[in-house]
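> what's the 3D shape of this:
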Amino acid sequence: MFVYLLSHTYSVGVDKNNEEDRIIGMYLNRKSAKRTLLEYLHKKGFESHIDGFCIEKWEVDNEFQWEEGFRIIGQA
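You can find the predicted model right below:
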């Protein structure tokens, strides 16, 4: 089974090196995610960053591939 994750990301800060991420919702089909995206295009904050929307297809009951762990950026 697959779901569709709707998120929004944009760069912030003086030098635009940081990102703000928001998960808007998760949907059973792409059509529902797209419908919500179209609604959010006109909401305060989102309307000035319309290129920050993303719809991703995710498989349910599946790991996110972290077998090797992770490292913190800036640390060896």
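> Looking at strand pairing, list the partners for Tyr27.
On the basis of DSSP bridges, Tyr27 is bridged to Tyr4.
> hang on, isn't it packed against Val3?
Yes. If you go by CB atoms under 8 Å, Tyr27 and Val3 touch, sitting 6.5 Å apart. In this view, the C-beta of every residue, glycine as well, is placed from N, C-alpha and C.
> residue ranges of the helices in this structure, please?
Counting by DSSP state H, one finds helices in the chain at the ranges 30-40.
> how much space between the closest residue to Glu20 other than its chain neighbours and His42?
Spatial nearest neighbour of Glu20, excluding adjacent residues (CB to CB, 6 or more residues apart in numbering): Val12 at 5.3 Å. Look at Val12 and His42: by CB to CB, to the nearest Å, they are 21 Å apart.
> In this protein, where is pLDDT below threshold?
Per-residue confidence for the chain (pLDDT under 70) gives these ranges: 74-76.
> Show me the strands in it, by range?
Counting by DSSP state E, one finds strands in the chain at the ranges 2-12, 18-27, 53-59.
> contacting residues for the nearest residue to Glu47 once chain neighbours are set aside?
Leaving aside its sequence neighbours, Glu47 sits nearest to Leu41 (CB to CB, 6+ apart; 6.4 Å). Shown in contact with Leu41 (CB atoms under 8 Å, 6 or more residues apart in numbering): 47, 50, 53.
> Redo those residues as TSV? Include neighbour count and distance to Asn17.
Shown next, in TSV, are the contacts of Leu41 (neighbours: other CB atoms under 10 Å; distance: CB to CB, whole Å):
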residue	neighbour count	distance to Asn17
Glu47	10	23
Ile50	13	21
Phe53	21	21
